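Trainee: Got a predicted structure here, sequence first:
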Protein chains: 4
Amino acid sequence: MRTPDPDPDEGDASSLPVDPLRGAPGGGAANPAWLSDVELTEARRRLPMLYVEAVPVRTDGLGAVTQVGILLRATPVGEMTRTIVSGRVRYGETIRDALFRHVENDLGPMAFPLLPASPTPFTVAEYFPIPGVSAFHDDRQHAVSLAFVVPVTGTCEPRQDALEVTWLDPAEAASDALAAEMEGGRGTLIRLALASVGALR
Amino acid sequence: MRTPDPDPDEGDASSLPVDPLRGAPGGGAANPAWLSDVELTEARRRLPMLYVEAVPVRTDGLGAVTQVGILLRATPVGEMTRTIVSGRVRYGETIRDALFRHVENDLGPMAFPLLPASPTPFTVAEYFPIPGVSAFHDDRQHAVSLAFVVPVTGTCEPRQDALEVTWLDPAEAASDALAAEMEGGRGTLIRLALASVGALR
Amino acid sequence: MRTPDPDPDEGDASSLPVDPLRGAPGGGAANPAWLSDVELTEARRRLPMLYVEAVPVRTDGLGAVTQVGILLRATPVGEMTRTIVSGRVRYGETIRDALFRHVENDLGPMAFPLLPASPTPFTVAEYFPIPGVSAFHDDRQHAVSLAFVVPVTGTCEPRQDALEVTWLDPAEAASDALAAEMEGGRGTLIRLALASVGALR
Amino acid sequence: MRTPDPDPDEGDASSLPVDPLRGAPGGGAANPAWLSDVELTEARRRLPMLYVEAVPVRTDGLGAVTQVGILLRATPVGEMTRTIVSGRVRYGETIRDALFRHVENDLGPMAFPLLPASPTPFTVAEYFPIPGVSAFHDDRQHAVSLAFVVPVTGTCEPRQDALEVTWLDPAEAASDALAAEMEGGRGTLIRLALASVGALR
């Protein structure tokens, strides 16, 4: 069974913004980073984690979706899996900033994404550690993800652990074959994304 | 009292697509253009007319709306009024094509609009000939308008009877002062547009 | 090939509201019903017709969709076909009134529908007379339909030409088997409806 | 300056569901409740907290919003403030369950709310501890709230610290006067709610 790992920020406590009331990271007893990696991991077992996800698309001149970008990713145990842009919202970060940051992380700086004017996601995907509670599943945590369709106009060069971006037409992207390869139920998320742009048949 | 005139196509029967089953326009007895200007005008008194409307916006690098474009237009009787992009959907024309056509008509060919990926409008505005039935009013007809927020990235050079485009920040665009200048209740439409992109306070 | 007939109002000119400026129907030269059945039929070849459609659903106590209602209908040539609630918006009628009228027409007076608070449809379905322009097709006309999900809380007793309502769970309603039985591409509409309520897998 | 306190669950660690992998609460070394009140408070300074909010409304027979319910609440320091239904999403809890729980907590068991079929909020409100980052502000935390319009059909009897529910018509609910009395920028949230149901002028 695959182990989803949608969050490249895991254990990234040191990159959290500094709490102005508590001093700089590494400041000893008053260290704001007291929520260490271990503690963050434990917090993930006690609180729903807020995520953003993006389904990258290409559009034609009239805005209609013509292709969907799917990421190929290697899991920590070396298994290949297909996914979309996904990552955690940090403390103090806006949804829009988080969305841009993760799109850039996963698609590279030349993707030139067009973030939507509306802050309302096309769906809210609820990932539970126990399969079957919803369409979505994440072994590690209870994550609630605000999911957006994001047209990209440039060249995608995946960074981090994403190996490549594959562009599929809407029918392929909605297929059972693709859904079977996608982690955590994200095949459903692709279909909901296509439905939201009127590209699901 | 102002006379709204949101449809530059009025009486534009000759530009309707030719019905392949009936021959070319002007073809005499079998003329598909039998629905003459007079007849089209009468049809408008018998059927709701389908419109599209676009609220042009400028966005920042993260997609947030920073400005709203308002058109200044001269009515047939020489009165100045403020409005947005608006026009009829033709027989056989897709919503997306109609939206693009009217944006180009009203903002010029260099506006470079980014039509939304989603075909769902932010609201459906119902214009009735009798004021008070809804927030929207059109002396001439019962029109039902699918309204979209459309980011534009180029230069707007209004064509047709629109004289200029004024760019306002969201607070100005939502003001009572602007609403009082807009025809047919479109001040409300601006507010609904701003709300849909999270830019209404 | 099946002939879709989603509009029980066809030729129903006599039931149009009376134009107060023109006198009563049958009033001779000033007769507002001058747009006769023939003329209305011709108008349908020249203008997009505005429709509303409703996907009836049953929900659980928390509002989640548990079942989808599909209508069985006999076409004029005696063929059985599956469809949803569908009908034309009349001149002077609000979308909400039209939606209620057609739900009551098709599901009976004891259906007790809960019309949505939001006037924005989950999708706009564009039916073209030529197949392939969009996912939706209607031999008779260019129709643009505002589609809503409508929970019903009572008992459905189809009237008019609808023979019965069949309740399906979301997976059945989204199946290829059902889509193949539905007229005009409405299998796609069911899937978009399910996606809009998070019930599509 | 008022101190918003939208979350009656604060420090409610003992009511969190038991982690089946770790044993029962109070189980010593394997105690899942190791994230004590103090630790939860600290987590709130390190992670965005997920909330749901509901704007209660009354609708007419056709689903149109006729009234908006505003809660009067006493803050811990005895100040009166106006707010809406609001509360945290617990670990392992669905959005829908959280929404129902908080509506019942704040409006009482006889409110008979009609939760929306769609899981997509009308907006995502981002509350930051520093005013001015967004339209919304919460001294205590970075909270991200999924906001819904919820028609209620029964009798509201506020529980907990809410003193009463006042029903206002849409124009009053959207007024500057009300906005000035509402905590954390929720006057804006009311306007966005009204816009989403087409009831903002």
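Mentor: Arrived safely, thanks for sending.

Trainee: Any part of the least confident helix or strand in chain A by mean pLDDT near chain D?
Mentor: Lowest mean confidence among the helices and strands of chain A (mean pLDDT, DSSP states H and E): helix A:37-43, at a mean of 77. Yes - Helix A:37-43 is in contact with chain D by CB under 8 Å from any CB of the partner chain, via A:39-40, A:42-43. Where you see a C-beta, it was placed from the backbone N, CA and C, and this is true even at glycine.

Trainee: which SSE is the residue nearest the centre of chain A in?
Mentor: Closest to where the C-alpha atoms of chain A average out (CA atoms, centre = their mean) is A:Ser86, at 0.7 Å. Using DSSP states H and E, A:Ser86 maps to strand A:85-88.

Trainee: I'd assumed A:Leu163 was in a strand, is it?
Mentor: Yes - looking at A:Leu163 with DSSP: H, G, I helix; E, B strand; the rest coil, it is inside a strand.

Trainee: Next up, the contacts around it.
Mentor: A:71-74, A:80 (CB atoms under 8 Å, 6 or more residues apart in numbering or on different chains).

Trainee: show me where chain A has strands.
Mentor: A:49-59, A:65-74, A:80-83, A:85-88, A:123-128, A:136-137, A:143-151, A:162-168 (DSSP state E).

Trainee: got CSV for the ones you listed, with mean pLDDT too?
Mentor: Formatted as CSV, the strands of chain A follow (pLDDT from 0 to 100):
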stretch, mean pLDDT
strand A:49-59, 98
strand A:65-74, 94
strand A:80-83, 91
strand A:85-88, 96
strand A:123-128, 98
strand A:136-137, 96
strand A:143-151, 98
strand A:162-168, 89
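
Trainee: In JSON lines, list those along with distance to A:His102.
Mentor: Listed next are the strands of chain A as JSON lines, based on distance: least, CB to CB, whole Å:
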{"stretch": "strand A:49-59", "distance to A:His102": "6"}
{"stretch": "strand A:65-74", "distance to A:His102": "11"}
{"stretch": "strand A:80-83", "distance to A:His102": "12"}
{"stretch": "strand A:85-88", "distance to A:His102": "4"}
{"stretch": "strand A:123-128", "distance to A:His102": "14"}
{"stretch": "strand A:136-137", "distance to A:His102": "17"}
{"stretch": "strand A:143-151", "distance to A:His102": "10"}
{"stretch": "strand A:162-168", "distance to A:His102": "11"}
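
Trainee: what's the spacing between the spatially closest residue to A:Trp167 that is not a sequence neighbour and B:Glu181?
Mentor: Closest residue to A:Trp167 apart from its sequence neighbours, by CB to CB, 6 or more residues apart in numbering or on different chains: A:Gln67 at 4.4 Å. Taking CB to CB, to the nearest Å as the measure, A:Gln67 falls 43 Å from B:Glu181.

Trainee: A:Thr155 now?
Mentor: 45 Å.

Trainee: near chain B, which residues of chain A show up?
Mentor: Counting by CB under 8 Å from any CB, chain A sits next to chain B at A:57, A:59, A:62-65, A:96-97, A:100, A:114-120, A:122, A:149, A:151, A:196-198.

Trainee: ok, and of these, which contact chain C?
Mentor: Applying CB under 8 Å from any CB to the residues of chain A next to chain B, those adjacent to chain C are A:196, A:198.

Trainee: doesn't B:Asp60 make contact with A:Asp97?
Mentor: No - the pair A:Asp97 / B:Asp60 is not scored as a contact, 11.6 Å apart, by CB atoms under 8 Å.

Trainee: So if I had to pick from these two, which one is more boxed in?
Mentor: Between A:Asp97 and B:Asp60, counting by other CB atoms under 10 Å in any protein chain shown, A:Asp97 is the more crowded of the two (15 against 11).

Trainee: ok, now how distant is the nearest residue to the more buried one once chain neighbours are set aside from C:Met110?
Mentor: Nearest residue to A:Asp97 in three dimensions, chain neighbours excluded: B:Leu62, at 6.9 Å (CB to CB, 6+ apart). Counting by CB to CB, the gap from B:Leu62 to C:Met110 is 51 Å.

Trainee: what do you get for A:Glu79?
Mentor: Distance from A:Glu79 to C:Met110, by CB to CB: 55 Å.

Trainee: cool, and A:Ala111?
Mentor: On the measure of CB to CB, A:Ala111 and C:Met110 end up 54 Å apart.

Trainee: Among these two, which residue is more densely surrounded?
Mentor: A:Ala111 (22 against 12).

Trainee: residues touching the more buried one, list them.
Mentor: With CB under 8 Å, 6+ apart, A:Ala111 has these contacts: A:56, A:103-104, A:152-157.

Trainee: ChimeraX command to pick out the buried ones of the residues you listed?
Mentor: Applied in ChimeraX, the following selects the buried portion of the contacts of A:Ala111 according to 16 or more other CB atoms under 10 Å in any protein chain shown:
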select /A:56,103,152,156
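
Trainee: I'd like the contacts of A:Ala111 laid out as TSV, including distance to chain C.
Mentor: Formatted as TSV, the contacts of A:Ala111 follow (distance: CB to the nearest CB, whole Å):
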residue	distance to chain C
A:Pro56	19
A:Val103	23
A:Glu104	28
A:Val152	22
A:Thr153	25
A:Gly154	29
A:Thr155	30
A:Cys156	26
A:Glu157	31
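
Trainee: what's the closest of the contacts of A:Ala111 to C:Phe136?
Mentor: A:Pro56 (27.1 Å; CB to CB).

Trainee: residues touching the residue lying closest to that closest one once chain neighbours are set aside, list them.
Mentor: Of all residues not flanking A:Pro56 in the chain, A:Gly69 sits nearest, at 3.6 Å (CB to CB, 6+ apart). Residues counted as contacts of A:Gly69 (CB under 8 Å, 6+ apart) are A:55-58, A:84, A:107, A:152, A:156, A:165-168.

Trainee: How about the residues of chain A by chain C?
Mentor: Going by CB under 8 Å from any CB, the residues of chain A near chain C are A:123-124, A:135, A:188, A:191-192, A:195-196, A:198, A:200-201.

Trainee: Does the strand holding A:Ser86 reach chain D?
Mentor: No - interface with chain D: strand A:85-88 contributes nothing (CB under 8 Å from any CB), its closest point being 8.8 Å away.

Trainee: Output the below-cut-off pLDDT ranges for chain A.
Mentor: Within chain A, the segments meeting pLDDT under 70 span A:1-35, A:160, A:162.

Trainee: Which residue would be the closest one in it to chain C?
Mentor: A:Ala195 (3.3 Å; CB to the nearest CB).

Trainee: quick one: contacts for that residue?
Mentor: C:123, C:191-192, C:195-196, C:200.

Trainee: so which of the residues you listed comes closest to chain D?
Mentor: Closest to chain D, out of all of the contacts of A:Ala195 and judged by CB to the nearest CB, is C:Ser196, at 5.7 Å.

Trainee: Run through the residues that contact that closest one.
Mentor: Contacts of C:Ser196 (CB under 8 Å, 6+ apart): A:195, C:122-123, C:149, D:118, D:120.

Trainee: can you do 10 Å?
Mentor: By CB atoms under 10 Å, 6 or more residues apart in numbering or on different chains, the contact list for C:Ser196 reads A:122-123, A:192, A:195-196, B:120, C:55, C:65, C:121-123, C:147-149, D:117-120.

Trainee: The residue nearest to A:Pro56 bridge partners, please.
Mentor: A:Trp167 (DSSP bridges).

Trainee: measure it to A:Asp106 for me?
Mentor: From A:Gly69 to A:Asp106 the distance is 10 Å (CB to CB).

Trainee: Need the residues touching each of those two.
Mentor: Common neighbours of A:Gly69 and A:Asp106 (CB under 10 Å, 6+ apart) are A:54, A:56, A:84-85, A:156, A:158, A:165.
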